[in-house]
Structures are given as structure tokens and as C-alpha cells.
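In: sequence plus predicted model, see below.
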Amino acid sequence: MTDVTVEKSKCVFCNIVNKLENTEILYEDEDVCVFRDIKPASDFHILTIPKRHIEDVKSLTPSDKTLVDKMLSVAKAQLESNNLSVEDARFGYHWPPFRSVHHLHLHTIAPESKMGMIARIIFKQDSYWFVSPGYIETRFCE
């Protein structure tokens, strides 16, 4: 058995996936990883990321449709397991160049009704800087 050492990446999310950061993983499987956002916009704010490094939503191709669908499905399951309403949640991706981490990540924010004014601006649905999963699916995954 060989011992594989993973080197730290410039990408903080890749480091989280590879357990090189002290981040609580709420869920993971072979494709995705879920953890809390460090600057929550409401009571519950998680990020669902692919384990494979994908730069951002503009890097998605039609072959990523299954992954994008899974990211949303996992995010919704996290809401349900925390007794939160999918209907009172906001889901979305940052639209480049408006992102601080260059690794695809889906924000899940709940309850949406408790988001403050600044959070509503930062995570404004289908704006120039934050787009819905539905927008991503129609733009890149068909």
C-alpha cells in the first residue's frame, strides 16, 4: 500500500476537499462536499462544491449536468435534514468575475426571509453577480 501525500493547493476549497483545512464537513460523497459558509447570510448558509476542481460556472459544459443536478439535490437534502424549508431558501452561484474563490460552489441560504439587506444585495437572484441553478442549467447544461 502506497502512502499518498496531498500537497496544499492555492485553492482553499480543494484544500477542504483534501482535508488540509480545519473545516467541518457536513456531507460528502465521491462527487461533492458540503460545509458552512464562513460569512453566513442567514441562520443556515452552506456551500456545496464539486470535489473535482472546476473554476466557476462559466467553465461548466453539458457533461457537467449530472454534477450540477446532484449539487442542488444534496443542498436541498441538507435543508430538509435541518428542518428548513426549500421554499424559504435561496440557491445560487457567483457569476464571474464576482467571486472570491475560484472553485465552483453553490450557495444555499435559509431562511431566505431572514436575510439582511446587505445579504439580499450580495446574493440578489439572477443579477449580474449571482445566478440561480435554473439559469446555469439553461445556459451551460443543455
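Out: In hand now; what should we look at?

In: can you give me the strands in this protein?
Out: 25-28, 32-36, 44-50, 90-94, 106-110, 130-131 (DSSP state E).

In: buried residues in the longest helix along the chain, which are they?
Out: The residue-count maximum for a helix in the chain (DSSP state H) belongs to helix 65-81. Neighbour counts using 16 or more other C-beta atoms under 10 Å place 67-68, 71-72, 74-76, 78-79 of helix 65-81 among the buried residues. Yep, even glycine has a C-beta here, placed from its N, CA and C like the rest.

In: might you list the low-confidence residue ranges for the chain?
Out: Within the chain, the ranges that satisfy pLDDT under 70 run 1-5, 140-142.

In: let's see it at 90
Out: For the chain, applying pLDDT under 90 flags the ranges 1-9, 96-100, 126, 135-142.

In: point to the residue nearest the middle of it.
Out: By C-alpha atoms, centre = their mean, the mean C-alpha position of the chain lies nearest to Leu106, the distance being 2.3 Å.

In: so that residue is in contact with Pro50, correct?
Out: No - in this structure, Leu106 is not within contact of Pro50 by C-beta atoms under 8 Å, at 9.3 Å.

In: joint contacts of those two?
Out: Met71 (C-beta atoms under 8 Å, 6 or more residues apart in numbering).

In: show me what the residue nearest to the centre of the chain is bridged to.
Out: Counting by DSSP bridges, Leu106 forms beta bridges with Thr48.

In: tell me the contacts of it?
Out: Going by C-beta under 8 Å, 6+ apart, Leu106 touches 47-49, 71-72, 75, 91-93, 133.

In: go with 10 Å
Out: Leu106 makes contact with 32, 34, 46-50, 57, 68, 71-72, 74-75, 91-94, 133, 136, according to C-beta atoms under 10 Å, 6 or more residues apart in numbering.

In: can you check Lys8 too?
Out: With contact taken as C-beta under 10 Å, 6+ apart, Lys8 is in contact with 14-15, 18, 20-21.
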